[in-house]
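S.K.: predicted coordinates and the sequence they were generated for:
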Amino acid sequence: MYERNYELLRAKFSEFFLPTLFTSMAGNICLFVDGLIVTFLLGAGNLSAIQIVAPVITFVNLIYWMIGLGGSVLCSVSKAEFDDEKSNSYFSVSIIALLTIGILIAVFGVLFSQSISQFLCSSQPALTNDVRQFFTALIIGMPFLCYMMSLSYFIRADGIPTLPFRAILIANIFNLCFDIIYIQYVGMGIAGAALATTTGYIVGSIIISYYFFKDERTLKFIKLKLGSFFSYLKRIVTSGFSSSSTQLYLTLKLFIMNILLGWYIGKSGLVAFGICYNSLFILYIFLIGTAQTMSPIVSVYFKEEDYSGVSYVTKKSLKIVLVASLALSILFIVYPQALLFLYSVKDPADIPVVLNALRIFAISYVGTAITFLYTFYAQAIQQNKLSTIISLLEGFIVPISFAVVLSFIFGGNGIWVSFAIAEIITILFIFAYSKYLNKSTNGEYSGFFINKHNDDTKVFEHTIHGDVNEAVNLSRDVKDYLKADKSATLVSLAIEEMLVNIINTNESIDTIDVIVRDNDDNILISIKDTGIDFNPVVENENLEFDNITMLNKIADKIDYSRVLGLNSTVITINK
């Protein structure tokens, strides 16, 4: 009667998705608009200098994605394992490491700005001075960027998704405002655009630090010995490298593509690439928002062997990115003139190059959406090697190989086509690998997203609303399911006591998910609810109802954690 309806998971996905999407929107739209303001005030030609510095930004992205996102996923997994000390360790190591690395990057960048600029401008030495000005003003903001973005991942994993959105939104608003102030009124030129970005990072870092004053936060800094610190850091880097490696390959890809475009097309090619690259900011609103919503939820549910929950979240995520990428692809193929107008492209030499590049480049959007989402998914289910291979193929090996070969044959068009080819070949690889894994594991993994599946005869999934009668009826239904097992009565009673307590200790409760897993040696009862924090293992003298006393007598083991903003309780009853 009470089959699982995924209301709780749908509500949790929406709760995370909207703030995460808005956070991504705030960041990416502001990056997009930032480029518009710079080109409007300084001219589209300045995009060539900004594009040359792009590999530096993606390299820093690599660092904070690898440590921040990798650490937050491990932190979520530790919470699912009911290990608060480990989750706090991942939090502490990630934030401290990123602050230290950010400071070192800033110091090194300022000291060697001239040499780095000359290296970046190897194919266009005339742009070295502009690049150095932009690079120097931007690099001093890297410690603040690393801190702000890494902390945002942990805050979302701690069930407080709106604070990162506010911090990043305000940071980008300050960036846009100071673009005008520094460029138009102070007269700083292209350096003003970079300094405005740094100003935004500083403001965002201050705002996001409010997390440490919130009562509902569960993550805390703890002291670790030096050996333990580096041991945790190694695990974080190993976990986070697979998805963050996209940024490493993007860094190398941007650098090599800049050189090829400088050789075959010249400055117009760099302007076109800058606009194509900036067009991705719109797409990444949906890709990053969806992937970063999916990742912590999938990691927790996969760890708990709730494979139907993983499948639900994955399918929902895939639909979102496919619709968004297809719509944008059609828009820019049919009407690329929109971006020419927005970016104030007026040079007759640039216009045909940019129009041609945009139409070809937009073909790759749908493939980018699939491979980007899959990279995050593979990391979330601890398939780190697969995630790394996908990133390496899509982000570096295939596009660079085809760009080098095709540019020699077709010139600039060969470079634009290489992006679409990279996506197609990578998706074919994923499809082939999923078939191989399904066959090699005798069907344990199945589907394009290589998810496992529950044995329907051993796992019973149920959903009820906050009603005592539903709780009592569900406990009877479970007893009927398990009537051949001698522990059926105890399982039924444990479910009833826990559910009635949840309902009675909350003024209102919308949805409660109950999953009963019939193992060989025991029966596991997994219960998730959106109510107030309540650990049934800890005695509460003010508890009005006595259901928990009974539950502790029935159960052989009770594990509890507050994860993803949900009460997650696992009750073990031995057979």
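M.R.: Sure, I can see it. Numbers count the residues shown, from 1 in each chain.
S.K.: do I have it right that D34 meets G192?
M.R.: No - look at D34 against G192 with Cβ atoms under 8 Å: they stay out of range, at 11.6 Å. Heads up, the C-betas are built off the backbone N, CA and C, glycines and all.
S.K.: the more surrounded of the two?
M.R.: Legend: neighbour count by other Cβ atoms under 10 Å for D34 and G192, higher for G192 (25 against 21).
S.K.: wait, that one sits on I183?
M.R.: Yes - contact criterion Cβ under 8 Å: G192 and I183 qualify, at 4.2 Å.
S.K.: what about the closest residue to I105 other than its chain neighbours, distance to M148?
M.R.: Leaving aside its sequence neighbours, I105 sits nearest to M142 (Cβ to Cβ, 6 or more residues apart in numbering; 4.7 Å). Taking Cβ to Cβ, to the nearest Å as the measure, M142 falls 11 Å from M148.
S.K.: separation between F134 and Q118?
M.R.: Taking Cβ to Cβ as the measure, F134 and Q118 are separated by 14 Å.
S.K.: mind checking which of these two has more residues around it?
M.R.: Higher neighbour count among F134 and Q118: F134, with 27 against 13, using other Cβ under 10 Å.
S.K.: how close does that one sit to N5?
M.R.: 53 Å.
S.K.: next: V353.
M.R.: Applying Cβ to Cβ, the value for V353 to N5 is 53 Å.
S.K.: which one's more surrounded, these two?
M.R.: Neighbour count, other Cβ under 10 Å: between V353 and N5, V353 has more, with 23 against 15.
S.K.: and for the closest residue to that one other than its chain neighbours, the neighbour number?
M.R.: Nearest residue to V353, sequence neighbours excluded (Cβ to Cβ, 6+ apart): S268, at 4.4 Å. Using other Cβ under 10 Å, S268 is surrounded by 22 other residues.
S.K.: would you confirm that S268 contacts L355?
M.R.: No - with contacts counted by Cβ under 8 Å, S268 stays clear of L355, the gap being 11.3 Å.
S.K.: list the contacts of the residue nearest to V353.
M.R.: D347, A349, D350, V353, V354 (Cβ atoms under 8 Å, 6 or more residues apart in numbering).
S.K.: need the three-state assignment for it.
M.R.: Following DSSP: H, G, I helix; E, B strand; the rest coil, we place S268 in the helix state.
S.K.: still on that earlier bit, what do D34 and G192 both touch?
M.R.: Common neighbours of D34 and G192 (Cβ under 8 Å, 6+ apart) are D179.
S.K.: OK, contacts around the closest residue to F178 other than its chain neighbours?
M.R.: Excluding the flanking residues, the one nearest F178 by Cβ to Cβ, 6+ apart is A196, at 3.7 Å. The neighbourhood of A196, defined by Cβ under 8 Å, 6+ apart, consists of D34, F174, N175, L176, C177, F178, D179, I181, Y182, I183.
S.K.: among the residues you listed, which two are most distant?
M.R.: F174 and I183 (14.4 Å; Cβ to Cβ).
S.K.: picking up where we left off before, turn the contacts of A196 into JSON lines, including pLDDT and secondary structure.
M.R.: Below are these laid out as JSON lines (pLDDT from 0 to 100; DSSP: H, G, I helix; E, B strand; the rest coil):
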{"residue": "D34", "pLDDT": "73", "secondary structure": "helix"}
{"residue": "F174", "pLDDT": "91", "secondary structure": "helix"}
{"residue": "N175", "pLDDT": "88", "secondary structure": "helix"}
{"residue": "L176", "pLDDT": "86", "secondary structure": "helix"}
{"residue": "C177", "pLDDT": "90", "secondary structure": "helix"}
{"residue": "F178", "pLDDT": "92", "secondary structure": "helix"}
{"residue": "D179", "pLDDT": "88", "secondary structure": "helix"}
{"residue": "I181", "pLDDT": "93", "secondary structure": "helix"}
{"residue": "Y182", "pLDDT": "93", "secondary structure": "helix"}
{"residue": "I183", "pLDDT": "89", "secondary structure": "helix"}
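S.K.: for the residues you listed, which one is nearest F230?
M.R.: Once Cβ to Cβ is applied, the member of the contacts of A196 that ends up nearest F230 is N175, at 34.9 Å.
S.K.: so that closest one makes contact with T199?
M.R.: Yes - assessed by Cβ under 8 Å, N175 is found in contact with T199 at 6.8 Å.
S.K.: joint contacts of these two?
M.R.: Counting by Cβ under 8 Å, 6+ apart, no residue touches both N175 and T199.
S.K.: between those two, which is the more surrounded one?
M.R.: N175 (26 against 21).
S.K.: now do the contacts for that one.
M.R.: When contacts are taken as Cβ under 8 Å, 6+ apart, N175 is in contact with C30, D34, A196, T197, T199, G200.
S.K.: and for Y374?
M.R.: Applying Cβ under 8 Å, 6+ apart, the residues near Y374 are S387, I390, I430, F449.
S.K.: name the helix or strand for it, please.
M.R.: Using DSSP states H and E, Y374 falls within helix 365-380.
S.K.: for this structure, what spans make up the strands?
M.R.: Secondary structure of the chain (DSSP state E): strands located at 459-464, 512-518, 522-529, 557-563, 566-574.
S.K.: those: which one's closest to I63?
M.R.: Between those, strand 557-563 lies closest to I63; by Cβ to Cβ that is 26.5 Å.
S.K.: so which elements touch the closest one?
M.R.: helix 70-80, strand 566-574 (3 or more Cβ pairs under 8 Å, 6 or more residues apart in numbering; DSSP states H and E).
S.K.: list the strands paired with that strand, with their directions.
M.R.: If you go by DSSP bridges, strand 557-563 pairs up with strand 566-574 (antiparallel).
S.K.: alpha carbons of the strand it pairs with, as PDB, please.
M.R.: Taking Å, rounded to 0.1, in the frame of the first residue of the first chain, the C-alpha atoms of strand 566-574 are listed here in PDB:
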ATOM      1  CA  LEU A 566      17.800  14.900   6.800                       C
ATOM      2  CA  ASN A 567      17.600  12.700   9.900                       C
ATOM      3  CA  SER A 568      19.100   9.400   8.700                       C
ATOM      4  CA  THR A 569      18.600   6.500  11.100                       C
ATOM      5  CA  VAL A 570      19.600   2.900  10.500                       C
ATOM      6  CA  ILE A 571      18.300   0.200  12.900                       C
ATOM      7  CA  THR A 572      19.900  -3.200  12.900                       C
ATOM      8  CA  ILE A 573      18.000  -6.300  14.100                       C
ATOM      9  CA  ASN A 574      19.900  -9.600  14.100                       C
END
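S.K.: buried residues in that strand, which are they?
M.R.: The neighbour-count check on strand 566-574 (16 or more other Cβ atoms under 10 Å) flags L566, N567, S568, T569, V570, I571, T572, I573 as buried.
S.K.: can you pull out the residues in contact with that strand?
M.R.: Residues from elsewhere that reach strand 566-574, judged by Cβ under 8 Å, 6+ apart: 8, 12, 80, 82, 159, 300, 304, 487, 490-491, 494, 498, 502, 521-531, 533-534, 536, 551, 554-562.
S.K.: now do that strand against strand 522-529, angle only.
M.R.: Orientation check (axes from the mean of the first three to the mean of the last three Cα atoms, to 10 degrees): strand 566-574 against strand 522-529 gives 160 degrees.
S.K.: from the chain's centre, how far out does strand 566-574 sit?
M.R.: With Cα atoms, centre = their mean, to the nearest Å as the basis, strand 566-574 stands 28 Å off its chain's centre.
S.K.: numbering from 29 from now on, please.
M.R.: I'll keep to 29 as the first residue from here, and by that count the last item is strand 594-602.
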